[in-house]
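Asks: after the sequence you'll find the predicted model.
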Amino acid sequence: MISMAVGARPGDRSGKVMNYQMPTVLDNTPGASIECTPVPGSMFQVGVTTVNCKATDAGGATATGKFTVTIWDCFLQDDRTGDSLMWDSFTGKYLFISPRNYLTTTGIVRITRTRTGMNLSSPYVTGSLDTRFFNGRASVKVSTDGPVFQINDSNYRNNVIQIYVLPLGS
């Protein structure tokens, strides 16, 4: 069983419906079955969910296993290299994966205010992220529609996402 990390629809803190493939049961007794909870097609919340599986054969013997599914509400992928950055906009936690470098790294993004006087005419908050392998920038802007979070891949022009975020404590 393989754990997985998935990006949800940008701005959707409710999570994502996951239709994962059920694990295969190999047994020397015919009629073995497997059940997993939560089942494929369930809504997985933003964060980490453990999927527990139990296999039972016709003779009543059982085996168990588990894997994790991590849902991130921000997802940015470099189309050229396949590198991806997944980010929880509420906690600041991130996961950076670089398949070409066999690298996975995690951490917390720090967001720093660069302008004072947060008002609707010119609000601006920025932050930066440097994981040694990914350099990017992020901004939070307040508009009449609410705060908008944006992260840009500094190397490729088409890698931009925007999501609405809730203020801390809401």
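Replies: That came through, no problem. Numbers count the residues shown, from 1 in each chain.

Asks: find me the pLDDT at the closest residue to residue 45 other than its chain neighbours, would you?
Replies: Computed as Cβ to Cβ, 6 or more residues apart in numbering, the closest residue to residue 45 that is not its neighbour in sequence is residue 15, at 4.2 Å. C-beta here means a position set from N, CA and C on the backbone, and glycine is covered the same way. Reading off the confidence values, residue 15 has pLDDT 75.

Asks: quickly note the distance from residue 15 to residue 42.
Replies: 9 Å (Cβ to Cβ, to the nearest Å).

Asks: and residue 59, by the same measure?
Replies: 30 Å.

Asks: name the residue in the two with the higher neighbour count.
Replies: residue 42 (17 against 11; other Cβ atoms under 10 Å).

Asks: ok, that one - contacts?
Replies: Residues counted as contacts of residue 42 (Cβ atoms under 8 Å, 6 or more residues apart in numbering) are 17-18.

Asks: okay, now the domains of the chain?
Replies: 4-71, 76-164 (automatic domain parsing).

Asks: rank those domains by pLDDT, which is bottom?
Replies: domain 76-164 (a mean of 53).

Asks: and the helix or strand where residue 34 lies, what does it pack against?
Replies: Assigned by DSSP states H and E, residue 34 belongs to strand 33-37. Judged by 3 or more Cβ pairs under 8 Å, 6 or more residues apart in numbering; DSSP states H and E, strand 33-37 is in contact with strand 47-56.

Asks: now the angle between strand 33-37 and the very next helix or strand once past the strand it packs on, please.
Replies: Using DSSP H and E, the helix or strand that follows strand 47-56 in sequence is strand 62-72. Comparing the axes of strand 62-72 and strand 33-37 via axes from the mean of the first three to the mean of the last three Cα atoms, to 10 degrees yields an angle of 40 degrees.

Asks: hey, C-alpha coordinates of strand 62-72 in CSV?
Replies: The C-alpha trace of strand 62-72 is given here as CSV (Å, rounded to 0.1, in the frame of the first residue of the first chain):
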residue,chain,number,x,y,z
THR,A,62,-7.2,-11.9,8.4
ALA,A,63,-4.5,-9.4,7.6
THR,A,64,-4.4,-5.6,8.0
GLY,A,65,-2.6,-2.7,6.4
LYS,A,66,-2.9,1.0,6.2
PHE,A,67,-1.7,4.0,4.1
THR,A,68,-2.1,7.7,4.4
VAL,A,69,-3.7,10.2,2.1
THR,A,70,-2.7,13.9,2.5
ILE,A,71,-4.9,16.6,1.0
TRP,A,72,-3.4,20.0,0.4
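
Asks: that's all I had, so thanks and see you.
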